[in-house]
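1. Sharing a model that was predicted from the sequence below.
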Amino acid sequence: MKTIVLASSNAHKIIELEEMIQGVKLLSLKDINFFEDIDETGTTTNENAEIKVRAVLEFEKKQGLAFPVLADDSGLFVNALGGEPGVHTARYAVDHSDEANRKKLLFNLNGKEDRTAYFECTLCYADFNEIHFFTGRTFGKISEVERGSSGFAYDCLFISDDLNKTFAEATADEKNSVSHRFRAVQKLKEYLKNHD
């Protein structure tokens, strides 16, 4: 089984990605004793994912490790706001609070007719010093009120075009079948299948 380091310490994300990719063992940053903060200074999801991958590759080199590295970066892009919150999705309202982020988004969209938006996930994968990008998007619009109780972050505001309901009103299986991360993972899986 292929072992890949995921540039994350988020146990939930590791389990979710392992289930999606299947047939690979994902190690977290903790598993390789990587405890540094990675400064995500990119202006696109591609740039931020690559920054994470390069930081882990550099660390691996110093430790004599040679695992392939995978990083993901995601964002919510709202057309009427010029793509905001974009790469600042998790820290849109400064204090990393999901509730504050949603409040700021609804406030900024107040009075705007165009509420179309999309989630984007970029997976950056490095093996043998080659770097590859796999991007997935899922389209929808921003609700005027929070709807649904499952999910997290902006899920209760994002009405999926595919599902005709918010991600928070959908089951985990429904959401995962159309999510931006799922679509990026499908492209990564195809690559891994052909480059084993």
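-> Perfect, I can see it now.
2. For stretch 174-192, buried residues please.
-> If you call a residue buried by 16 or more other C-beta atoms under 10 Å, then stretch 174-192 has these buried ones: 174-176, 178-185, 187-189, 192. Using the backbone N, CA and C atoms, a C-beta is placed for each residue, glycine as well.
3. packing partners for the helix ranked longest in the chain?
-> Criterion DSSP state H: the longest helix present in the chain is helix 45-63. With contacts taken as 3 or more C-beta pairs under 8 Å, 6 or more residues apart in numbering; DSSP states H and E, helix 45-63 sits against strand 69-78, strand 116-127, strand 130-142.
4. would you list those strands in JSON lines and tack on distance to G148 and mean pLDDT?
-> Compiled in JSON lines, these are given as follows (distance: least, C-beta to C-beta, whole Å; pLDDT from 0 to 100):
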{"stretch": "strand 69-78", "distance to G148": "16", "mean pLDDT": "96"}
{"stretch": "strand 116-127", "distance to G148": "16", "mean pLDDT": "97"}
{"stretch": "strand 130-142", "distance to G148": "13", "mean pLDDT": "97"}
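5. would TSV of those strands with mean neighbour count be doable?
-> Shown next, in TSV, are these (neighbours: other C-beta atoms under 10 Å):
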stretch	mean neighbour count
strand 69-78	24
strand 116-127	22
strand 130-142	18
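6. quick one, which of those is nearest to N108?
-> Ranking those by proximity to N108 (C-beta to C-beta) places strand 69-78 first, at 8.1 Å.
7. Now do the one helix or strand K13 maps to against strand 116-127, angle only.
-> Per DSSP states H and E, K13 falls inside helix 11-21. For helix 11-21 against strand 116-127, the angle by axes from the mean of the first three to the mean of the last three C-alpha atoms, to 10 degrees is 80 degrees.
8. Okay, angle between helix 11-21 and strand 69-78 too, please.
-> Counting by the same axes, to 10 degrees, helix 11-21 points 100 degrees away from the direction of strand 69-78.
9. So what touches helix 11-21?
-> 6, 8, 24-26, 28, 70, 72, 176, 181-182, 185, 188-189, 192 (C-beta atoms under 8 Å, 6 or more residues apart in numbering).
10. Quick check: bridge partners of the residue most central in space within the chain?
-> The centre of the chain sits closest to S74, judged by C-alpha atoms, centre = their mean, with a distance of 3.3 Å. As for beta bridges, S74 partners with C121 under DSSP bridges.
11. Quick one: residues contacting it.
-> With C-beta under 8 Å, 6+ apart, S74 has these contacts: 45, 89, 119-122, 180-181.
12. Do I have it right that T138 meets V178?
-> Yes. Using C-beta atoms under 8 Å, T138 is in contact with V178, at 5.5 Å.
13. who touches both of the two?
-> Counting by C-beta under 8 Å, 6+ apart, the common neighbours of T138 and V178 are 160, 162.
14. So which helix or strand of the chain has the lowest pLDDT on average?
-> helix 11-21 (a mean of 85; mean pLDDT, DSSP states H and E).
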